[in-house]
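Engineer: please work out how this folds:
(one chain, ligands or ions: 2)
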Amino acid sequence: MRILSSSGGILLVMLAAALSAFLLRALFYRTGCIYAVKKLWWWLEDRFHAYQIFKVPEFNDRLQENLFYRKVSAYLHSLPSMEDSDFTNLLTGRKHNDIVLRLDPNQVIGDTFLDARISWFNDETGPTRSFVLKIRKSDKRRILRPYLNHIHAVSDELDQKKRELRLFVNKERGGPEMLGLGRLRGRWRSVPFTHPSTLETIAMDADLKNRVKADLELFVKSKQYYHRLGRAWKRSFLLYGPSGTGKSSFIAAMANFLSYDVYEIDLSRISDDSDLRTLLLETTSRSVIVIEDLDRFLLEKPSSSLSLSGILNFMDGILNSCCADERIMVYTMNRKDQIDSAVLRPGRIDVHIHFPLCDFSSFKTLASSCLGVTDHKLFPQVEEMFQTGARLSPAEMEELMIANRNSPNRALKLVITALKTDGGGRASLGKVAVNHFSHYTPSSADSDGIFSKDNAIKDLKRLCGFFRMKSCRSSLDASEQNVG
Ligand SMILES: Nc1ncnc2c1ncn2[C@@H]1O[C@H](COP(=O)(O)OP(=O)(O)OP(=O)(O)O)[C@@H](O)[C@H]1O
Ligand SMILES: [Mg+2]
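Structural biologist: Numbering: from 1, shown residues only. Ligands and ions are numbered 1, 2, ... in the order given. Alright, predicted model coming up:
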């Protein structure tokens with residue numbers, strides 16, 4: 001009896017202890033006491049370590065700017081710990097609605113790298129400003145060099161994102177733009193690239209979009225992989241589908257996603273093969289090189305002396321070591337079935353993306369972005385129209401919605417009418433295209449990436465094959481990064 005009552009007592013005490021520990025923890029977290037305790041612990045820990053200090057002054061002793069200071073500044077201002085710090089300044093950025101965080105003079109900011117704690121001090125007391133890096137002596141040998149490389153890489157990436165993108169178009173070789181000063185400025189003229197299209201604003205199958213995104217991200221990280229294979233670090237995309245389905249918008253979205261400049265080649269302004277080669281040599285790395293409507297050029301064979309082999313060499317990108325740097329090549333076509341299989345083989349085209357006419361799912365995406373409507377009583381009627389095979393291009397659909405954006409009801413009624421009239425005819429066109437692609441027998445070389453939503457099972461199998469290859473490549477890249 002006594003044993004029972006004493007074990008009941010112990011249980012009660014344990015329960016009370018657990019409850020009070022829980023309450024104390026909740027109290028600590030709510031009041032920030034836990035943070036104060038952590039800070040005290042770090043302070044105590046700091047007393048037992050020897051540190052090494054590195055100073056990064058803004059100017060050297062000859063008053064020349066120290067570029068590393070700027071890199072460190074960009075890096076520190078991008079750290080998540082800036083947002084978490086006890087105190088920091090909020091300032092307007094370059095764009096009027098941008099708010100940026102700025103370090104205060106003499107502010108300390110923490111960072112972690114390879115499990116080591118690092119601190120930076122924004123020293124503005126002397127005649128020139130400096131950042132002061134403090135790391136434990138025991139960590140120095142292990143992390144200093146990789147940490148400095150890491151700062152370089154992150155700040156370069158931030159610079160690339162901040163940079164104003166440009167759209168380049170080619171001038172005609174003997175044309176008036178090549179006279180006088182124009183000649184010195186080379187074969188390209190450029191304007192700021194401000195196309196607002198992003199991968200988010202493009203209506204396409206979500207899964208397909210994510211795969212393209214992952215493919216681009218993988219490409220950007222694969223420098224060593226391509227170099228090891230001895231291949232030019234480039235990736236080629238073919239965007240094909242009827243007019244107004246978003247191919248050009250998608251190119252802009254890719255460029256915005258990657259923060260790459262766009263070089264658009266107008267083949268009608270190219271005089272011969274060597275002219276095309278010169279143009280390629282004058283492009284810079286980190287760019288998207290675009291040839292629109294390549295099918296039209298290949299099928300119509302215009303009078304210029306640009307040959308098929310000149311185009312194939314251009315697509316291979318092996319013309320010069322200039323192309324060892326990251327370049328995305330994009331070609332657009334309305335149809336690819338009559339195109340020479342040599343043009344479409346992997347290496348020349350790595351990824352095929354089909355842009356179909358609107359289906360019910362992309363209609364809903366457009367209705368949501370253009371009309372702000374995610375559901376509506378007319379949706380079932382629209383869906384029914386799609387089920388009968390009626391189709392419109394996203395461009396046509398979007399035009400009706402934008403023109404009637406103040407009245408979603410009217411916009412949807414007009415969409416239904418258009419599907420009944422134009423869309424019926426388009427349906428048969430669309431079907432021809434789909435059937436055609438499903439009957440298209442690719443060469444064995446065409447088995448790399450074919451990103452398409454409604455192709456036949458054969459295409460799906462090739463797609464699976466591509467992604468098997470891709471996952472194999474990603475694991476290769478991952479292991480390469482671990483090694484590097
Ligand atoms: N999938 C889509 N998602 C969002 N908007 C689209 C889509 N397709 C077309 N649009 C809209 O339609 C307009 C025309 O599209 P775009 O020029 O990209 O089509 P395209 O396929 O390049 O046509 P073309 O073959 O005639 O050059 C764009 O302004 C864009 O806003
Ligand atoms: Mg286009």
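Engineer: so where is the stretch 251-400 of the chain shaky, pLDDT-wise?
Structural biologist: For the stretch 251-400 of the chain, applying pLDDT under 70 flags the ranges 302-303, 318-324.
Engineer: residue 85 reaches residue 107, doesn't it?
Structural biologist: Yes: between residue 85 and residue 107 there is a contact under CB atoms under 8 Å: 7.2 Å. Heads up, the C-betas are built off the backbone N, CA and C, glycines and all.
Engineer: give me every residue that touches the residue of the stretch 201-350 of the chain found nearest ligand 1.
Structural biologist: At 2.8 Å from ligand 1, residue 246 is the closest residue in the stretch 201-350 of the chain, using CB to the nearest ligand atom. Applying CB atoms under 8 Å, 6 or more residues apart in numbering to residue 246 gives the contacts 202, 203, 204, 355, 394, 395.
Engineer: same question for residue 279.
Structural biologist: Contacts of residue 279 by CB under 8 Å, 6+ apart are 170, 187, 188, 263, 265, 270.
Engineer: since we're on the first one, how many residues are nearby?
Structural biologist: The number of residues packed near residue 170 is 24, by other CB atoms under 10 Å.
Engineer: looking at it, it is touching residue 188, isn't it?
Structural biologist: Yes: using CB under 8 Å, residue 170 is in contact with residue 188, at 5.9 Å.
Engineer: which residues do the two both contact?
Structural biologist: Common neighbours of residue 170 and residue 188 (criterion: CB under 8 Å, 6+ apart): 263, 279.
Engineer: coming back round to it: which two in the contacts of residue 246 are spaced the farthest apart?
Structural biologist: 204 and 395 (13.4 Å; CB to CB).
Engineer: of the two, who's got more company?
Structural biologist: It is residue 204, of residue 204 and residue 395, that has more neighbours when counted by other CB under 10 Å, with 23 against 15.
Engineer: next, the buried residues of stretch 214-234.
Structural biologist: For stretch 214-234, a neighbour-count test (16 or more other CB atoms under 10 Å) marks 215, 216, 218, 219, 220, 222, 223, 225, 226, 232, 233, 234 as buried.
Engineer: now those residues in a markdown table, with distance to ligand 1 and secondary structure?
Structural biologist: Shown next, in a markdown table, are the buried residues of stretch 214-234 (distance: CB to the nearest ligand atom, whole Å; DSSP: H, G, I helix; E, B strand; the rest coil):
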| residue | distance to ligand 1 | secondary structure |
| --- | --- | --- |
| 215 | 18 | helix |
| 216 | 17 | helix |
| 218 | 23 | helix |
| 219 | 22 | helix |
| 220 | 23 | helix |
| 222 | 28 | coil |
| 223 | 30 | helix |
| 225 | 31 | helix |
| 226 | 29 | helix |
| 232 | 26 | coil |
| 233 | 27 | coil |
| 234 | 22 | strand |
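Engineer: give me the secondary structure label for residue 405.
Structural biologist: coil (DSSP: H, G, I helix; E, B strand; the rest coil).
Engineer: so which residues of the chain form strands?
Structural biologist: For the chain, the strands defined by DSSP state E cover 51-57, 89-92, 99-102, 108-113, 116-123, 130-136, 166-170, 188-192, 234-240, 261-264, 287-291, 327-333, 351-354, 449-451.
Engineer: got the contact list for the third one?
Structural biologist: Spelled out, it's strand 99-102. By CB under 8 Å, 6+ apart, strand 99-102 touches 77, 82, 83, 88, 89, 90, 91, 92, 93.
Engineer: and if you look at the fifth one?
Structural biologist: Outside strand 116-123, the residues within contact range by CB under 8 Å, 6+ apart are 42, 55, 72, 76, 103-112, 129-136, 139, 142-143, 147.
Engineer: now do the contacts for the closest residue to residue 98 other than its chain neighbours.
Structural biologist: Nearest residue to residue 98, sequence neighbours excluded (CB to CB, 6 or more residues apart in numbering): residue 92, at 6.5 Å. Going by CB under 8 Å, 6+ apart, residue 92 touches 98, 99, 100.
Engineer: okay, now the domains of the chain?
Structural biologist: Residue ranges for the domains of the chain, per automatic domain parsing: 37-162, 166-354, 360-431+454-483.
Engineer: list the contacts for residue 135?
Structural biologist: Contacts of residue 135 by CB under 8 Å, 6+ apart are 51, 52, 54, 116, 118, 143, 144, 147.
Engineer: select only the buried ones of these in PyMOL?
Structural biologist: Burial among the contacts of residue 135 is assessed by 16+ other CB under 10 Å; the matching PyMOL selection reads:
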select buried, resi 116+118+143+144+147
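Engineer: from the contacts of residue 135, pick the one nearest ligand 1.
Structural biologist: Ligand 1 lies nearest to residue 147 out of those, by CB to the nearest ligand atom, at 42.7 Å.
Engineer: distance to residue 23 added to the domains of the chain, as CSV?
Structural biologist: CSV is the format used below for the domains of the chain (distance: least, CB to CB, whole Å):
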stretch, distance to residue 23
domain 37-162, 16
domain 166-354, 45
domain 360-431+454-483, 44
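Engineer: would TSV of the ones you listed with distance to ligand 2 be doable?
Structural biologist: Below are the domains of the chain laid out as TSV (distance: least, CB to the ion, whole Å):
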stretch	distance to ligand 2
domain 37-162	26
domain 166-354	3
domain 360-431+454-483	9
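Engineer: leaving out sequence neighbours, find the closest residue to residue 312.
Structural biologist: Distance criterion CB to CB, 6+ apart; nearest residue to residue 312, sequence neighbours excluded, is residue 342 at 6.4 Å.
Engineer: which ones are touching the one you found?
Structural biologist: Contact partners of residue 342, counting by CB under 8 Å, 6+ apart, are 308, 312, 348.
Engineer: test my guess that residue 357 contacts residue 395.
Structural biologist: No: assessed by CB under 8 Å, residue 357 is found out of contact with residue 395, at 10.0 Å.
Engineer: can you pull the residues that touch both of the two?
Structural biologist: Applying CB under 8 Å, 6+ apart, one finds that residue 357 and residue 395 are jointly contacted by residue 245.
Engineer: what about the helices in the stretch 251-400 of the chain?
Structural biologist: 273-281, 294-300, 308-316, 341-344, 360-366, 379-387, 394-403 (DSSP state H, counting those that start in this stretch).
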